[in-house]
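> turn this into a structure:
(one chain, ligands or ions: 1)
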Amino acid sequence: MSNPLQGAQFVLAAHRVSQLPADRGAEVAFAGRSNAGKSSALNALTGHKGLARTSKTPGRTQQMVSFSLPPYKDVPVSRAQDAQERLPLAQAEGEPSLEVRLVDLPGYGYAKVPQELREHWRQEIDRYLHQRRSLRGVVLIADIRHPLKEFDRMMLDFCFATGLPCHLLLTKADKLSRNQAAQALAAMRKSFPDGLHATAQVFSSTAGTGVDEARAAVVALLRQPREGVHQDR
Ligand SMILES: Nc1nc2c(ncn2[C@@H]2O[C@H](COP(=O)(O)OP(=O)(O)OP(=O)(O)O)[C@@H](O)[C@H]2O)c(=O)[nH]1
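As a prediction, the model looks like this:
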C-alpha cells in the first residue's frame, strides 16, 4: 500500500501558537505524554526515520513542531483536483491552497521539565486546541501497557466537549502478546463515553504494527470537513 503521508518535511518549531504557520488548510495534531512514543509514531507514519527526533530521554519534544506534506503545500486551487485524487480533502470555499500539516505537540507530564515551562505548555496547548481553525483532529498516543493518564483524559474530554475527532494509538504493543493487546484495546474502547468522536487501534512503531491503519486514520482526520468540528472551539 502506498503511503499517503510520505514526503513530510519539517517546517518550523514553535514556542508559541502565534509562531505556527498560517492557520489555513488542514492539520492533524499529535499529542501524548512525554515518552509515550509520539516521535517514533510520526517517523513510522511518514516513513521518514529522522523526521521527528526520537529519544530515550523523555521530555525532548519541548516545542510545537510543524511538518508539511509537500505535494499539497501551495497547490493552487486550479490544481486542486490533482491533489484531491491523492488525498481528498474537504476544502472550505475560498480556501487559497491545499496546505496539509502534521503538528507534533510537546510531550506532556515529564517531571523534570520546570514547572514554569509545564505551565507555559499547558496554556499553549489549550490555546492551540481552542483557536486553531485548521485543526481537524488529534492523534493521541498512549502506551498500551498503562491506563490513560490525566493528560490523556483531558485531551479526550476536550474532544468530547468540542466534537473534535480523535484517534487513539495504543503504542508499544510489541511489549504485549497479541491477546493482551487486543484485550487492552477492547477495554479502552469500552471506556469511551457515548458521543465521543474517537477511534482507537493497537500500534507499534518498533514492530510496524497498525501503521497502515493509522495512516488511513490520519487521512480520515485530514478529510474531516471543518463544519464537522465544533465551531465554539
Ligand atoms: N518497544 C517499543 N518502544 C518504543 C515504541 N515507540 C517508541 N518507543 C521507545 O520509547 C521511547 C520514547 O519514544 P519517543 O518516540 O522519543 O517518545 P516521545 O513521546 O516523542 O517522547 P518525548 O520526546 O518525551 O515527547 C524511546 O526509547 C523509543 O525507542 C514502540 O512502538 N515499541
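> just give the closest residue to whichever residue of the chain sits closest to the ligand, not the sequence neighbours.
In the chain, the residue that lies nearest the ligand is residue 107 (2.3 Å; C-beta to the nearest ligand atom). Placement of C-beta: from N, CA and C, glycine included. In this structure, residue 107 finds its nearest non-sequential neighbour in residue 34, 3.4 Å apart by C-beta to C-beta, 6 or more residues apart in numbering.
> so the one you found touches residue 112, yeah?
No. Using C-beta atoms under 8 Å, residue 34 makes no contact with residue 112, being 9.2 Å away.
> next helix or strand past the helix or strand of the chain with the lowest mean pLDDT?
Least confident helix or strand of the chain, by mean pLDDT, DSSP states H and E, is helix 80-86 with a mean of 46. The element immediately downstream of helix 80-86 (helix or strand, assigned by DSSP states H and E) is strand 100-104.
> quick check, that following strand touching the ligand?
No. If you take C-beta under 6 Å from any ligand atom as the test, strand 100-104 misses the ligand, and the best it gets is 7.6 Å.
> and that strand, what's its mean pLDDT?
For strand 100-104, the mean per-residue pLDDT is 93.
> what lines up beside that strand in the sheet?
strand 26-32 (parallel), strand 64-68 (antiparallel) (DSSP bridges).
> for the shortest one, what is the average pLDDT?
The average pLDDT for strand 64-68 rounds to 92.
> can you dump the C-alpha atoms of it in CSV for me?
C-alpha atoms of strand 64-68 as CSV (Å, rounded to 0.1, in the frame of the first residue of the first chain):
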residue,chain,number,x,y,z
MET,A,64,5.4,22.5,18.7
VAL,A,65,6.8,21.1,15.5
SER,A,66,5.1,21.6,12.2
PHE,A,67,5.6,19.3,9.3
SER,A,68,4.1,19.9,5.8
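> quick check, residue 222 in contact with residue 99.
No. Checked against C-beta under 8 Å, the pair residue 222 and residue 99 is beyond contact range at 10.8 Å.
> common neighbours of these two, please.
residue 26 (C-beta atoms under 8 Å, 6 or more residues apart in numbering).
> find the nearest non-adjacent residue to residue 12, please.
Nearest non-adjacent residue to residue 12 (C-beta to C-beta, 6+ apart): residue 66, at 5.5 Å.
> partner residues bridging the one you found?
Residues in beta-bridge contact with residue 66 (DSSP bridges): residue 12, residue 103.
> what would the strands paired with strand 100-104 look like in a markdown table with mean neighbour count and distance to residue 144?
Formatted as a markdown table, the strands paired with strand 100-104 follow (neighbours: other C-beta atoms under 10 Å; distance: least, C-beta to C-beta, whole Å):
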| stretch | mean neighbour count | distance to residue 144 |
| --- | --- | --- |
| strand 26-32 | 26 | 12 |
| strand 64-68 | 22 | 24 |
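> if I look at residue 141, how far off is residue 62?
According to C-beta to C-beta, to the nearest Å, residue 141 stands 16 Å off from residue 62.
> neighbour-wise, which of the two wins?
A direct count of neighbours by other C-beta atoms under 10 Å for residue 141 and residue 62 places residue 141 higher, at 27 against 17.
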